[in-house]
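> pasted the sequence and its predicted model underneath.
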Amino acid sequence: MTLGKRQRRATEAALGSHASPGYFIAVHAGAGFHSKSSQPKVARALRAACRAARKTLREGGTALQAVTNAISVLEDDPSCNAGRGSNLTFNGSVECDASVMAGTACYGAVAAVPGIRNPVKAASLLAGETLEPLPCGLIRPTMLAGEGARVWAAQRGLETAESREQASQMHSTPRAVRQWQTFRAILAEATGEYSGVVLPDSQQQRLFDTVGAVVVDGRGHVASGVSSGGIALKQEGRVGEAALYGAGCWAEEGEEGAGEEEGAGEEEGAGEEEQQQRETKEKSGGRRLRGETGASDAAPLGSKTNGMHGVAVSTTGVGERVAACLLSKTAADAVRAAAGDQGVSGALRSALRRSVLKTPPPNDAGVICVLAQRSERAHPDQGCEVRVEFGAAHCSHSLAVAHCGAPRAEPIVHFMPALGSRDGLDPGATGSRPGHVVELAQSCRWNVEERG
């Protein structure tokens, strides 16, 4: 006990007098096909992203800053389909999408943008500027697209290409170029470039990766973000879910118990949802992966307490399907409505089955989510407790996820496999069939002491 107190005091001293030692960070490198040869590189990128976010929080940064820095690491890694590792368009260029959102509803996005080294940093700057008023009733944008976004980012000091011609050179990698050449050769052999030719399954699944992050800071505030190079051979100007409000990422906070009347009508259809959950377990065995931080053993969040709750979501998958379902907002609503009964991962599973899995294939998708609850103590000077539940679910060949948080500091990496595949690398394990949803669950908690 004495040693534990000394360790806590040392940690608090290192963080500063107003910092809390608690936090939770989760990042993903996309739903799709992660070969055994690529897994070590992706795992290193995910761990580095978690550590970048952790460093940001320990230095007093916000949850949104931590999300931005985590995703920037993934954008700089050529093994991820974002920033430097982006897929190429049909004509061989690179156009990126990214968005971020804080629990305060602060939001920013860039779409189909060439030549910004870290698109997520531009999205984060946009989000921050929305809080600053303009004269004469002018309204600040929350999304910028294309060349205009690149020029705007350059004017604010972000690292950008000097021209559109140099933009693709900034983000193109030998792997992406080889992949583009292979896919163009396959199309050239067909009768007409868009004649319905199907890429080999192991290659096709590589097209959907997107990166993202969710963060809970020491006081329970949440943020999320997502970034993507888009699907390979996409039409120039195409905008994916990573830039669309309510599709790529979502974050919101509110007082506990607020909106209770609004949610009262959600009980209608609850029996149907419970039946769907039973069907899922019957068809898929209800497979759930658990990590090493003792998740899901604590009582589920969602009980009525005095304090604040927050939810943050980041998605990945086939952009057209994810966007059509507004998956990040859909998942957040499902978690807020049902987390106390079925847990975050169970709510995500239900959200996927009721949305993306009802769309035409290919409908690979994945989602990660944190639910944070800050419970105030009886006396204000006693501080508060922050409890976090994390969940992830996907209906694809695999989903690459890493997380870290109190009390465990080092990131844990999971390559969540498809059902019916022990290693997640079975090309025949189609994630599009109903019931093929894999879950991951974690939880942690910490105390926040109030100081004068």
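Okay, I see it.
> distance check, the most centrally placed residue in the chain against residue 328.
Nearest residue to the geometric centre of the chain (C-alpha atoms, centre = their mean): residue 314, 2.6 Å. Note on residue 314: its distance to residue 328, by C-beta to C-beta, to the nearest Å, is 7 Å. Heads up, the C-betas are built off the backbone N, CA and C, glycines and all.
> list residues touching both of those two?
Both residue 314 and residue 328 are contacted by 224, 248, 249, 367, under the criterion C-beta atoms under 8 Å, 6 or more residues apart in numbering.
> that older thread, host element of the residue nearest to the centre of the chain?
Residue 314 belongs to strand 307-317 when assigned by DSSP states H and E.
> and that strand, which strands flank it?
Within its sheet, strand 307-317 is paired with strand 249-255 (antiparallel), strand 365-376 (antiparallel), according to DSSP bridges.
> reformat the ones you listed as CSV; add mean pLDDT, mean neighbour count and distance to residue 356.
Output for the strands paired with strand 307-317, formatted as CSV (pLDDT from 0 to 100; neighbours: other C-beta atoms under 10 Å; distance: least, C-beta to C-beta, whole Å):
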stretch, mean pLDDT, mean neighbour count, distance to residue 356
strand 249-255, 93, 23, 15
strand 365-376, 93, 27, 4
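> can you list phi and psi of residue 105 for me?
Dihedral angles of residue 105 (phi, psi; degrees, to the nearest 10) stand at phi 80, psi 10.
> if I pick it, what's in contact with it?
251, 252.
> flag the shaky bits of the protein, pLDDT-wise.
For the chain, the stretches with pLDDT under 70 are 1-20, 191-208, 256-306, 339-340, 377-382, 407, 419-436, 450-452.
> where exactly do the helices run in it?
Using DSSP state H, the helices of the chain run over residues 2-15, 39-58, 63-76, 119-129, 146-155, 164-171, 174-189, 201-204, 270-284, 319-324, 327-354.
> return the distance of the fifth one from the chain's centre.
On the basis of C-alpha atoms, centre = their mean, to the nearest Å, helix 146-155 sits 25 Å off its chain's mean C-alpha point.
> contacting residues around residue 229?
Residue 229 makes contact with 81, 82, 83, 85, 86, 87, 94, 95, 96, 171, according to C-beta under 8 Å, 6+ apart.
> cutoff 6 Å now
Shown in contact with residue 229 (C-beta atoms under 6 Å, 6 or more residues apart in numbering): 81, 82, 86, 87, 96.
> cool, residue 374 as well?
220, 307, 308, 384, 386.
> the second one against residue 372, yeah?
Pointing back at residue 307 there. No - if you go by C-beta atoms under 6 Å, residue 307 and residue 372 don't touch, sitting 10.0 Å apart.
> pull out the buried residues from stretch 154-167.
If you call a residue buried by 16 or more other C-beta atoms under 10 Å, then stretch 154-167 has these buried ones: 154, 158, 160, 161, 167.
> now do the strands in the stretch 351-452 of the chain.
Taking DSSP state E, counting those that start in this stretch to define them, one finds strands in the stretch 351-452 of the chain at 365-376, 384-394, 398-405, 408-417, 438-448.
> any chance of a markdown table for these, columns distance to residue 183?
As requested, the strands of the stretch 351-452 of the chain are exported to a markdown table (distance: least, C-beta to C-beta, whole Å):
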| stretch | distance to residue 183 |
| --- | --- |
| strand 365-376 | 22 |
| strand 384-394 | 24 |
| strand 398-405 | 21 |
| strand 408-417 | 24 |
| strand 438-448 | 28 |
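> which of those strands sits closest to residue 59?
Checking the strands of the stretch 351-452 of the chain against residue 59 by C-beta to C-beta gives strand 408-417 as the closest, at 15.1 Å.
> packing partners for that closest one?
helix 39-58, strand 398-405, strand 438-448 (3 or more C-beta pairs under 6 Å, 6 or more residues apart in numbering; DSSP states H and E).
> just these: most buried one?
Neighbour counts (mean count of other C-beta atoms under 10 Å) averaged over each of the helices and strands packed on strand 408-417 peak at strand 398-405, with a mean of 28.
> partners of that strand, with directions?
In the sheet, strand 398-405 lines up with strand 24-32 (antiparallel), strand 408-417 (antiparallel) (DSSP bridges).
> could you dump the ones you listed to a markdown table with mean neighbour count?
Shown next, in a markdown table, are the strands paired with strand 398-405 (neighbours: other C-beta atoms under 10 Å):
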| stretch | mean neighbour count |
| --- | --- |
| strand 24-32 | 31 |
| strand 408-417 | 19 |
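> the strands paired with strand 307-317: which one's closest to residue 75?
Shortest distance between residue 75 and the strands paired with strand 307-317, using C-beta to C-beta, is found for strand 249-255: 14.7 Å.
> can you name the residues bridging to the closest residue to residue 34 other than its chain neighbours?
Take residue 34 and drop its neighbours on the chain: the residue closest to it by C-beta to C-beta, 6 or more residues apart in numbering is residue 398, 4.8 Å away. Residue 398 forms beta bridges with residue 32, residue 417, as assigned by DSSP bridges.
> if I look at residue 398, how far off is residue 91?
For residue 398, the distance to residue 91 - C-beta to C-beta - is 30 Å.
> how much space separates the residue lying closest to residue 95 once chain neighbours are set aside from residue 319?
In this structure, residue 95 finds its nearest non-sequential neighbour in residue 112, 4.4 Å apart by C-beta to C-beta, 6+ apart. Distance of residue 112 to residue 319, given as C-beta to C-beta: 12 Å.
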